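>>> Generate a structure from the sequence data that follows.
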Amino acid sequence: MGWRTTLALSVAVVLAAGTLWVDLRRANVGSLEWDILGEPRGEPPGEKIKRLLGFDPATITAIRLARDGTVVRVARANGGWVGAAEPRLLDEFLHNLQEMAEIAPLEVQADELEDYGLDPPQAVIELERQGGDPIVVLLGQHNPSATGAYVQLGKGGPVVLTGALMLWEFDKAFKATGSPGTPQAAGRPIGEE
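Okay, here's the model as predicted:
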């Protein structure tokens, strides 16, 4: 192969690369959106996450947790949690709860809630917040593989599968209150106005 053939092939490669670059710029596709094989990439996994709850932890004024007929409540005052043995863990709880993802929505009829541990629920989280109705999450049981947990978003709301971390976070927050709680009969039932 002579120098003329090498030059012609080099010019052809440069022209092809230039044409590809112009086409990509017209399509407004950045180089990070293409994989090594030249195929468009899908959405990054982090972009597909649907959050279980949408709230700002700073707007939460009180947390009520219920399990086994015991209700504990802590309220935010002066930048801390009144009535909590470990206030820092409650801030972490809110942050982690905000980050929880919905793995899959489920089609569950009212008469099937017991099969998911939601009638009655295993535990209940109620977040009282400024300028809005309380956020209520009913916790059910683990899924069969124990990698997720069934939750109902509000009394009569949709049932979804979320990570099993939800149950661990609840236990951690329940212990962080440091309170033995009060029997549910002593106050209004959690999740009801």
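>>> For this protein, just list every one of the helices.
Ranges of helices within the chain are 3-26, 87-99, 165-176, based on DSSP state H.
>>> low-scoring stretches of the protein, by residue?
21-22, 24-47, 179-193 (pLDDT under 70).
>>> Mind splitting it into its structural domains?
Listed domain ranges for the chain are 3-42, 47-186 (source: automatic domain parsing).
>>> Turn those into CSV, columns for mean neighbour count.
(Each C-beta comes from the backbone N, C-alpha and C, glycine too.) Below are the domains of the chain laid out as CSV (neighbours: other C-beta atoms under 10 Å):
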stretch, mean neighbour count
domain 3-42, 10
domain 47-186, 16
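>>> Report the separation between the nearest residue in space to H95 that is not next to it in sequence and G178.
Residue nearest to H95 in three dimensions, not counting chain neighbours: P57, with 5.8 Å by C-beta to C-beta, 6 or more residues apart in numbering. For P57, the distance to G178 (C-beta to C-beta, to the nearest Å) stands at 20 Å.
>>> Repeat that for T162.
Relative to G178, and taking C-beta to C-beta, T162 is found at 26 Å.
>>> show me the contacts for I60.
R76, L94, L127, E128, R129 (C-beta atoms under 8 Å, 6 or more residues apart in numbering).
>>> With G154 as the reference, measure out to the nearest residue to the third one once chain neighbours are set aside.
Spatial nearest neighbour of L127, chain neighbours left out: I135 (4.3 Å); criterion: C-beta to C-beta, 6+ apart. According to C-beta to C-beta, I135 and G154 sit 8 Å apart.
>>> Thank you kindly, that will do.
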